[in-house]
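Asks: Need a 3D model of the sequence below.
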Amino acid sequence: MSTTSIALCSVLALFVTAASPGLLAQEPTVVGWRGDGSGRYPNANPPTTWSRDDSGAKKNILWETKLPCYSWATPIIVGDKIFVRSDPYDLICLNKKDGKILWIRSHGPQVAVTDEDRKANPGLAAIDPLVAQLKQVNDAYVEKGSSPELLKQKHDLQHQIDDIFLKNDRKYKLPKDMWVESWSEYTGSTPCSDGTNIYFTSGAGVTGCFDLNGNLKWSNYESLAAGWGEHGDPDSPTLSGDKFIVAEGPKALDKATGKQVWFMDSKPANASENREQFGMVTFKFNGTDFVIARGNVLRVSDGKSFLKLPWVFSAPVVHDDMINNVHGGGGYSFKMEALPNGEMQGKSVVNGPEYPGFIFPLENPEKKDSTFYTASPLYHDGLLYCLSNTGWLVTVDTKATTPKDAIVYAKKLPFDFKNPPHRKTFGCGIGASPAFAGKYIYLTDNAGCTIVMEPGREYKQVAKNNLDHIMDKGWEEFHWNDHYHETTLASPIFEENRIYIRGEQYLYCIGEK
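Replies: Now for the predicted structure:
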C-alpha cells in the first residue's frame with residue numbers, strides 16, 4: 001500500500017495459483033497475504049449484503065473484536081484460528097468462530113538485546129521489568145478484552161521501552177514514525193503459515209516464527225532504521241518449500257531455523273534509483289520455483305535473478321505464463337519463456353513509446369495527472385481488474401498485445417468515501433486489493449464501503465455495503481479527530497460463507513446468520 005505505509009500492507013503477496021501445465025499451483029496449506037496471494041477465493045460463498053443501521057442493529061455482521069492497535073496487514077486463517085498484526089510489534093491469535101482473542105505476543109527489538117549489549121549499557125536492564133509488565137497487560141487484554149485503561153498501559157509501556165533504547169543503544173530503537181504522531185505502521189507485512197507455524201517480519205526489525213499456540217521457535221533481529229523511507233519497508237514474507245523468503249535483501253532463510261540460505265543485495269546503485277519495489281510473490285514455472293521480490297524474478301533454490309520488472313509498489317499477479325501488474329498510472333505484462341536447467345526469461349508484450357507497459361486512461365484528463373495505483377490487481381478469466389487510490393477501476397485484457405487493445409473499460413466506482421479528505425484516510429486512498437469470492441468481485445474503500453460487482457467486460461454492480469462503525473475516539477493522542485468511520489485499508493479475506501475485514505480498530509466477521 002506502500003504512498004504511505006497504510007497502503008503497504010495491501011501491496012504485498014505470498015504466492016499465486018496457476019492455470020497451465022507450465023505454471024503449477026503452490027502447496028494449498030500455505031497461506032499469507034490475500035490468502036494464496038492471488039486474492040481469489042473461488043470456493044467461498046460469502047454474503048453480498050451487510051449493514052448497520054442508526055440504532056446499531058447489524059445485518060450479517062457476526063462479530064467485531066477490538067484490537068490493541070492498528071495494522072494494515074491482511075489477516076490469515078489457519079485451521080480454526082485467525083491471526084492478525086497490531087502495531088508496533090504484536091502478533092495476535094483469535095478464534096475465527098467467535099472472535100475471542102486467544103493470545104498476544106509482543107515481539108519487538110527487546111527480544112534481541114545481547115548479553116554483550118547489557119554489559120556495555122547497564123541502563124538496558126530497566127527494560128526487563130517493563131517487558132514483564134507488558135506481558136501481564138497482554139494477558140489481561142486476552143482475559144478481559146479491550147478497555148481504555150489497558151490500551152493506555154500497553155501504549156505507555158511500549159513507549160518507555162523505546163525511550164530506553166534511545167538513551168542506551170539506538171540500534172534497537174524503532175525506525176522513524178511515518179504514520180501518525182505516536183507509532184508508525186510497523187506491522188504492514190502480513191504473516192504467512194505452512195499450517196504448522198506462523199512466520200513474520202516487521203518494521204521493528206524482528207523476523208521470527210511461532211507455533212500455532214504462540215510458542216516462539218526462533219527469531220532474528222536487524223535494524224531497518226537506515227533504509228526506512230517514507231513508506232517504511234513492510235513487504236509481506238513468503239514461503240516456498242523449506243525456505244522462508246523475506247524482503248530485506250531479499251534473502252531466503254531456512255524456515256526451521258531462521259538461518260540464512262541466500263542473499264541478494266537489491267540496494268540501488270545510486271541515489272536516483274528508487275528502492276521501493278514492494279510486493280513479493282512465489283510461483284512454479286516449468287517445474288522450478290521462483291519468487292518475485294524487490295522487482296526481481298529470482299530462482300528460489302539459489303536466489304539467481306532472471307528478470308527485472310518495472311518499478312512498482314504493488315505485488316504482481318502471475319497466471320499461465322504471464323506476469324501482470326500496475327505501476328504508477330499504467331500497467332505491464334511480461335510473458336515468460338522456459339529455458340534449460342530450470343532457468344527462464346521474460347519479455348514485455350504490451351509496450352508504450354517510453355517504457356515497457358502502457359498508460360491507463362486518466363480519471364481527470366483535463367488535469368493531465370496520472371491516478372496512482374497502490375492496490376494489487378486481481379486476475380480473473382483473462383481480465384485484470386486494477387483499482388486506483390481514488391476508486392478508478394481499469395479493466396485490462398491480459399491477452400492484448402497493444403496499448404489500444406489492452407483497455408476493456410475504465411470507470412469511477414461509486415464508493416462512499418465517508419471519511420473527510422486528509423492524509424490519513426481519503427488522502428492515502430484505497431489500499432485494499434480487489435478480491436474474487438464465489439462468483440463476484442469485492443472492492444473496498446478506506447472507510448468501510450464495499451462494492452460487489454460481477455466479473456466481465458462490462459461493469460455490473462450487485463450491491464454496495466457499509467460497515468458504518470463510527471469511532472467516537474481514536475487511539476488516544478495518536479488520532480487526528482474523534483469522530484470518523486472505521487478506516488479499512490487491509491485486503492479482506494474469505495472462507496466458506498464468511499468475510500474477514502481488518503479495520504483500524506476492529507476485526508470484523510461478516511456472514512449470513
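
Asks: CA atoms of the longest helix that the chain contains as PDB?
Replies: Counting by DSSP state H, the longest helix found in the chain is helix 148-168. Output in PDB follows, covering the C-alpha atoms of helix 148-168 (Å, rounded to 0.1, in the frame of the first residue of the first chain):
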ATOM      1  CA  PRO A 148      -9.100   2.400  27.800                       C
ATOM      2  CA  GLU A 149      -7.000   1.500  30.800                       C
ATOM      3  CA  LEU A 150      -5.300  -1.500  29.300                       C
ATOM      4  CA  LEU A 151      -4.800   0.300  26.000                       C
ATOM      5  CA  LYS A 152      -3.100   3.200  27.800                       C
ATOM      6  CA  GLN A 153      -0.900   0.900  29.900                       C
ATOM      7  CA  LYS A 154       0.200  -1.000  26.800                       C
ATOM      8  CA  HIS A 155       0.900   2.100  24.800                       C
ATOM      9  CA  ASP A 156       2.900   3.700  27.700                       C
ATOM     10  CA  LEU A 157       5.000   0.500  28.300                       C
ATOM     11  CA  GLN A 158       5.900   0.300  24.600                       C
ATOM     12  CA  HIS A 159       7.000   3.900  24.500                       C
ATOM     13  CA  GLN A 160       9.000   3.500  27.700                       C
ATOM     14  CA  ILE A 161      10.900   0.600  26.200                       C
ATOM     15  CA  ASP A 162      11.600   2.500  23.100                       C
ATOM     16  CA  ASP A 163      12.800   5.500  25.100                       C
ATOM     17  CA  ILE A 164      15.300   3.300  27.000                       C
ATOM     18  CA  PHE A 165      16.800   2.200  23.600                       C
ATOM     19  CA  LEU A 166      17.000   5.900  22.600                       C
ATOM     20  CA  LYS A 167      19.100   6.700  25.700                       C
ATOM     21  CA  ASN A 168      21.200   3.500  25.800                       C
END
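
Asks: packing partners for the very next helix or strand once past it?
Replies: Sequence order places strand 192-193 as the next helix or strand after helix 148-168, per DSSP states H and E. Applying 3 or more CB pairs under 8 Å, 6 or more residues apart in numbering; DSSP states H and E, we find strand 192-193 packed against strand 76-78, strand 197-200, strand 238-240. Where you see a C-beta, it was placed from the backbone N, CA and C, and this is true even at glycine.

Asks: send the alpha carbons of the next helix or strand after the longest one over as PDB?
Replies: So that's strand 197-200. Using DSSP H and E, the next helix or strand after strand 197-200 towards the C-terminus is strand 206-211. The C-alpha trace of strand 206-211 is given here as PDB (Å, rounded to 0.1, in the frame of the first residue of the first chain):
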ATOM      1  CA  VAL A 206      12.300  -8.700  14.100                       C
ATOM      2  CA  THR A 207      11.800 -11.800  11.900                       C
ATOM      3  CA  GLY A 208      10.600 -14.900  13.500                       C
ATOM      4  CA  CYS A 209       8.500 -18.000  13.800                       C
ATOM      5  CA  PHE A 210       5.800 -19.000  16.400                       C
ATOM      6  CA  ASP A 211       3.800 -22.300  16.500                       C
END
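
Asks: Not counting its neighbours along the chain, what's nearest residue 305?
Replies: residue 296 (4.7 Å; CB to CB, 6 or more residues apart in numbering).

Asks: ok, how many other residues are close to that neighbour?
Replies: Applying other CB atoms under 10 Å, we find 19 other residues in the vicinity of residue 296.

Asks: So what sits opposite it in the bridge?
Replies: Beta-bridge pairing for residue 296 (DSSP bridges): residue 293, residue 308.

Asks: likewise residue 407?
Replies: Residues in beta-bridge contact with residue 407 (DSSP bridges): residue 396.

Asks: Tell me who's in contact with the residue nearest to residue 305.
Replies: 250, 264, 266, 277, 305, 307, 308, 309 (CB atoms under 8 Å, 6 or more residues apart in numbering).

Asks: low pLDDT regions in the stretch 101-250 of the chain?
Replies: Residue ranges of the stretch 101-250 of the chain with pLDDT under 70: 178-184, 229-234.

Asks: residues making contact with stretch 117-137?
Replies: Counting by CB under 8 Å, 6+ apart, 106, 110, 113, 150, 153-154, 157-158, 160-161, 164-165, 167-169 sit against stretch 117-137.

Asks: what two of the residues you listed have the greatest distance between them?
Replies: Greatest spatial distance in the contacts of stretch 117-137: 150 and 169, 28.5 Å, computed using CB to CB.

Asks: Of the two, give the one with the bigger neighbour count.
Replies: residue 169 (19 against 16).

Asks: so how far is residue 346 from the residue nearest to residue 305?
Replies: Distance check for residue 296 against residue 346: by CB to CB, to the nearest Å, it reads 11 Å.

Asks: shared neighbours of those two, which are they?
Replies: Common neighbours of residue 296 and residue 346 (CB under 8 Å, 6+ apart) are residue 307.

Asks: Could you list every helix and strand in contact with the longest helix of the chain?
Replies: By 3+ CB pairs under 8 Å, 6+ apart, helix 148-168 packs against helix 127-144.

Asks: Now for residue 197: which residues touch it?
Replies: Contacts of residue 197 by CB under 8 Å, 6+ apart are 209, 210, 211, 212, 217, 255.

Asks: And these, which of them are buried?
Replies: Among those, those classed as buried by 16 or more other CB atoms under 10 Å are 209, 210, 212, 217, 255.

Asks: Which pLDDT value goes with residue 421?
Replies: Predicted confidence (pLDDT) for residue 421: 66.

Asks: hmm, back to that, in JSON lines: the helices and strands packed on strand 192-193, plus distance to residue 420.
Replies: Shown next, in JSON lines, are those (distance: least, CB to CB, whole Å):
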{"stretch": "strand 76-78", "distance to residue 420": "32"}
{"stretch": "strand 197-200", "distance to residue 420": "33"}
{"stretch": "strand 238-240", "distance to residue 420": "37"}
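
Asks: ok, now how distant is the residue nearest to residue 466 when sequence neighbours are not counted from residue 67?
Replies: Closest residue to residue 466 apart from its sequence neighbours, by CB to CB, 6+ apart: residue 449 at 5.1 Å. Noted for residue 449: a distance of 21 Å to residue 67, by CB to CB.

Asks: How about residue 265?
Replies: 36 Å.

Asks: if we can go back for a sec, what about the residue nearest to residue 466, how many neighbours?
Replies: 23.

Asks: Correct me if wrong: it contacts residue 417.
Replies: Yes - contact criterion CB atoms under 8 Å: residue 449 and residue 417 qualify, at 7.1 Å.

Asks: Hmm, residue 75 is touching residue 500, no?
Replies: Yes - with contact defined as CB under 8 Å, residue 75 reaches residue 500; the gap is 5.2 Å.

Asks: hey, what's in contact with both of the two?
Replies: Shared contacts of residue 75 and residue 500, counting by CB under 8 Å, 6+ apart, come down to 82, 493, 507.

Asks: can you give me how far stretch 465-474 is from the chain middle?
Replies: 22 Å (CA atoms, centre = their mean, to the nearest Å).

Asks: pull the CA atoms of it into CSV?
Replies: What follows is stretch 465-474, C-alpha atoms only, in CSV (Å, rounded to 0.1, in the frame of the first residue of the first chain):
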residue,chain,number,x,y,z
ASN,A,465,-22.4,-2.1,1.7
ASN,A,466,-21.1,0.0,4.6
LEU,A,467,-19.8,-1.1,8.0
ASP,A,468,-21.0,2.3,9.3
HIS,A,469,-19.0,1.8,12.5
ILE,A,470,-18.3,5.3,14.0
MET,A,471,-15.2,5.6,16.1
ASP,A,472,-16.0,8.0,18.8
LYS,A,473,-12.4,8.2,19.9
GLY,A,474,-9.1,7.4,18.2
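
Asks: quick one: average pLDDT of that stretch?
Replies: pLDDT averaged over stretch 465-474 gives 83.
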